[in-house]
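Participant: Quick one, structure for this:
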Amino acid sequence: MGHEQVVFCHDEPTGLRAIIAIHNTTLGPALGGTRMWPYASEEEALIDVLRLSRGMTYKAAISGLNLGGGKAVIIGDPEKLKNEAFMRRFGRFVDSLGGRYITAEDVNMKTRDMEYIHMETDYVTGIPQSMGGSGDPSPVTAYGVYMGMKAAAKFVFGTDSLANRKIAVQGVGQVGMYLVQRLVKEGATVFITDINQDKLQKVASETGAKVVAPDEIYDLDVDIYAPCALGATLNDDTIPRLKASIVAGGANNQLKDEHKHGYMLIDRGITYAPDFLINAGGLINVGAEYYGPYNSDKAHADAEKIYDTTLEILNMASEDGINTQEAAMKIAERRIAAIGRIKLPY
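Facilitator: Here you go, the predicted structure:
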């Protein structure tokens with residue numbers, strides 16, 4: 001995948017096992033979140049962090065940010081392992097890279113965790129607003145997904161209104177929750193699922209969204225399917241089951257195979273809003289914090305531009321006869337190549 005650096009982190013006293021992957025720093029230092037997950041093996045974690053960090057390179061490039069692509073994964077159960085010493089030890093590993101990698105929140109990470117990391121390094125974003133940071137980036141991520149979804153609706157249905165549209169949201173973590181709130185507010189009929197039953201019932205109670213079983217989400221007769229959990233949910237098994245006209249969600253690496261499943265969606269007549277494009281709001285937000293001074297209104301305004309970029313990508317893919325993921329990657333690669341001619345990697 002062309003990575004510049006992969007670092008395996010291990011600390012016996014705290015039980016920390018992590019991998020930091022730096023994909024490309026042509027545009028600037030690699031900024032990307034840290035996720036914690038009980039991976040079945042180190043190999044599974046490595047595959048995930050390599051794919052995620054590569055996606056961050058494209059996400060930064062297509063968003064016009066002067067940032068490179070990186071990501072970190074921590075192996076283990078966050079409920080059992082996370083504490084102050086654990087996160088601060090991870091912060092020291094981040095600091096040892098001298099600014100080539102800047103971390104932020106991702107799955108199973110909270111603002112408090114970023115605060116612990118910040119005790120050991122300046123190379124962290126998403127720290128509390130009380131400390132001069134931008135806080136939780138999830139609301140801006142969800143706003144970008146919402147803008148990308150509306151653009152896809154405009155392309156497919158001729159109007160970007162989501163009122164009375166039926167939308168299936170898979171995963172109601174921080175991003176999924178904020179997205180559901182926006183969709184319900186606009187008047188959409190929303191179906192939700194998640195493996196965390198407590199979170200699922202809480203979001204359903206607060207928004208009126210309808211709860212469905214995890215596997216049932218693929219079979220619903222809806223207009224839009226929004227994957228907002230882990231990746232690779234668009235695959236040989238699920239794509240034939242989809243009845244949606246649009247796929248637009250906040251999850252990373254939604255296509256298990258970018259080429260094969262990108263074209264499988266086309267064959268099914270389903271429009272795909274590239275994940276690394278429409279979920280870039282969080283990166284836009286923490287990037288604004290890193291380069292500072294942070295301004296929430298400016299971050300939201302920049303995330304709103306995802307609407308126009310999504311329409312550009314969808315039209316380009318249609319005109320060129322390629323899938324939307326490839327169209328988005330072409331634009332991102334073009335910018336990286338152009339800037340690469342005038343500067344060295346960070």
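Participant: mind listing the strands in the stretch 1-150 of the chain by residue range?
Facilitator: In the stretch 1-150 of the chain, the segments counted as strands under DSSP state E, counting those that start in this stretch are 5-11, 16-24, 30-31, 34-37, 68-75, 101-102.
Participant: closest to residue 286 out of these?
Facilitator: strand 30-31 (6.6 Å; CB to CB). C-beta coordinates here come from the backbone N, C-alpha and C atoms, glycine included.
Participant: Give me the distance between the spatially closest residue to residue 62 that is not a sequence neighbour and residue 153.
Facilitator: The spatial neighbour of residue 62 that comes closest, neighbours along the chain excluded (CB to CB, 6 or more residues apart in numbering), is residue 332 at 4.3 Å. Distance of residue 332 to residue 153, given as CB to CB, to the nearest Å: 23 Å.
Participant: Next: residue 196.
Facilitator: On the measure of CB to CB, residue 196 and residue 153 end up 28 Å apart.
Participant: Just want to know which of these two has more residues nearby.
Facilitator: residue 153 (23 against 13; other CB atoms under 10 Å).
Participant: That one belongs to a helix?
Facilitator: Yes. Assigned with DSSP: H, G, I helix; E, B strand; the rest coil, residue 153 falls within a helix.
Participant: re earlier: my guess is the residue nearest to residue 62 is in a helix, correct?
Facilitator: Yes. According to three-state DSSP, residue 332 belongs to a helix.
Participant: so residue 34 bridges to which residues?
Facilitator: residue 72, residue 105 (DSSP bridges).
Participant: residues touching the residue nearest to residue 62, list them.
Facilitator: 57, 58, 61, 62, 276 (CB atoms under 8 Å, 6 or more residues apart in numbering).
Participant: Count the neighbours of the residue lying closest to residue 304 once chain neighbours are set aside for me.
Facilitator: Among residues not flanking residue 304 along the chain, residue 147 sits closest, at 5.7 Å (CB to CB, 6+ apart). Neighbours of residue 147 under the rule other CB under 10 Å: 25.
Participant: My guess is residue 147 contacts residue 301. True?
Facilitator: No. If you go by CB atoms under 8 Å, residue 147 and residue 301 don't touch, sitting 11.0 Å apart.
Participant: in the stretch 51-200 of the chain, which spans are helices?
Facilitator: 78-81, 84-95, 111-118, 138-157, 174-186, 197-207 (DSSP state H, counting those that start in this stretch).
Participant: pLDDT averaged over the strand or helix carrying residue 282 - what is it?
Facilitator: Using DSSP states H and E, residue 282 falls within helix 281-291. Average pLDDT, helix 281-291: 93.
Participant: relative orientation of it and helix 174-186 in degrees?
Facilitator: 120 degrees (axes from the mean of the first three to the mean of the last three CA atoms, to 10 degrees).
Participant: Beyond helix 281-291, next helix or strand please.
Facilitator: Downstream of helix 281-291 (by DSSP H and E), the next one is helix 296-304.
Participant: re earlier: reformat the strands of the stretch 1-150 of the chain as CSV; add distance to residue 161.
Facilitator: Listed next are the strands of the stretch 1-150 of the chain as CSV, based on distance: least, CB to CB, whole Å:
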stretch, distance to residue 161
strand 5-11, 45
strand 16-24, 38
strand 30-31, 34
strand 34-37, 34
strand 68-75, 34
strand 101-102, 38
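Participant: I'd like to know which of those strands is closest to residue 232.
Facilitator: Comparing the strands of the stretch 1-150 of the chain by CB to CB, strand 34-37 comes nearest, at 13.4 Å.
Participant: Could you list every helix and strand in contact with the closest one?
Facilitator: When contacts are defined as 3 or more CB pairs under 8 Å, 6 or more residues apart in numbering; DSSP states H and E, strand 34-37 packs onto helix 42-62, strand 68-75.
Participant: which helices and strands sit right next to the longest one?
Facilitator: Pointing back at helix 42-62 there. Partner elements for helix 42-62 (3+ CB pairs under 8 Å, 6+ apart): strand 5-11, strand 16-24, strand 30-31, strand 34-37, strand 68-75, helix 275-278, helix 281-291, helix 324-340.
Participant: how about a markdown table for these, with distance to residue 220 added?
Facilitator: Listed next are the helices and strands packed on helix 42-62 as a markdown table, based on distance: least, CB to CB, whole Å:
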| stretch | distance to residue 220 |
| --- | --- |
| strand 5-11 | 39 |
| strand 16-24 | 35 |
| strand 30-31 | 35 |
| strand 34-37 | 26 |
| strand 68-75 | 31 |
| helix 275-278 | 20 |
| helix 281-291 | 26 |
| helix 324-340 | 22 |
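Participant: Nearest approach to residue 112 belongs to which of these?
Facilitator: Across those, closest to residue 112 is strand 34-37 (CB to CB), at 13.2 Å.
Participant: pLDDT on the closest one, on average?
Facilitator: On average, strand 34-37 scores 96.
Participant: mind listing what's buried in it?
Facilitator: 34, 35, 36, 37 (16 or more other CB atoms under 10 Å).
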